[in-house]
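Undergrad: Let me see the structure of the following:
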Amino acid sequence: MDFNSLNALIPKDASGQTHSNTIYLAGGLEWSLRVKYPGKHKESEGDFLVEVLSKGSWDEYHRFTHGDVFYDILTKSQTSTFINESWVPHTLAIIQGRHLLRRFSRLESRLPGVHIDALTSAMLALSVSEHRRFPTGDKNGGGRYLPINYILAILQGHWTPQEASDQMRTGFPALRRLDGFVPFTHGDVVQQYVSSVHSKAVAAKPL
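TA: Next up, the predicted model:
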């Protein structure tokens, strides 16, 4: 599944959907994700909550927020190079709609925190939600790219997870105020962007 497939799968009309589980993405006994209505921004068309169950982290469904993503990603990145070298390019590509969401290896699924497949699926769902709220933002690095660009800012050392969480209400303008940060946009080529970032890598701030 890619961004466009998930966007088509999640209903845009929330009428009659209140607190009903509209879709599931499941990974056997290890994890599952569900979408529930209404979302935080009830006035927005098709706005929804993302909830994740991940064995060993959340054994019951937990509302998956941007803050959860930020802390989890940084913890994983400080344990393994996998996040920067493999997860970031893959996630940029699926959000862009150019690749399918794939399951990672058993070794990668043992990274600390939320199961890596649950994390990637939840990121994709959060991106759909942000795209529906601000569809015109895609071209500048907002919209569907807002969550992943906040993560890139963390991984590049511009923010801690807490600082990123505090800025979420500001949205894309907060990214534009970061000195030296270049957001990923809809027109970018994933490998070129990633190579450019690696060539001027900045150490991520600690938790």
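Undergrad: What are the boundaries of the helices in this structure?
TA: Counting by DSSP state H, the chain has helices at residues 3-9, 66-77, 82, 88-96, 116-133, 146-155, 161-167, 172-176, 190-199.
Undergrad: Quick one: mean pLDDT for the shortest one?
TA: Yep, that's helix 82 we're talking about. Average pLDDT, helix 82: 91.
Undergrad: Any idea how far it is from the middle of the chain?
TA: The gap between where helix 82 is centred and where its chain is centred comes out at 16 Å by C-alpha atoms, centre = their mean, to the nearest Å.
Undergrad: So for the lowest-mean-pLDDT helix or strand in the chain, what gets flagged as buried?
TA: Least confident helix or strand, the chain: strand 21-26 with a mean of 74, by mean pLDDT, DSSP states H and E. Using 16 or more other C-beta atoms under 10 Å as the test for burial, strand 21-26 gives Leu25. Where C-beta positions appear, they are placed from N, C-alpha and C, glycine not excepted.
Undergrad: could the helices of the chain go into a markdown table alongside distance to Arg110 and mean neighbour count?
TA: Converted to a markdown table, the helices of the chain look like this (distance: least, C-beta to C-beta, whole Å; neighbours: other C-beta atoms under 10 Å):
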| stretch | distance to Arg110 | mean neighbour count |
| --- | --- | --- |
| helix 3-9 | 26 | 16 |
| helix 66-77 | 11 | 21 |
| helix 82 | 11 | 17 |
| helix 88-96 | 18 | 22 |
| helix 116-133 | 9 | 23 |
| helix 146-155 | 20 | 24 |
| helix 161-167 | 21 | 18 |
| helix 172-176 | 32 | 16 |
| helix 190-199 | 24 | 13 |
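Undergrad: Nearest the geometric middle of this protein, what residue?
TA: Met123 (2.6 Å; C-alpha atoms, centre = their mean).
Undergrad: Wait, that residue touches Pro147, no?
TA: Yes: with contacts counted by C-beta atoms under 8 Å, Met123 reaches Pro147, the gap being 6.1 Å.
Undergrad: what's the overlap in contacts for these two?
TA: Listed as contacting both Met123 and Pro147 by C-beta atoms under 8 Å, 6 or more residues apart in numbering are Val69.
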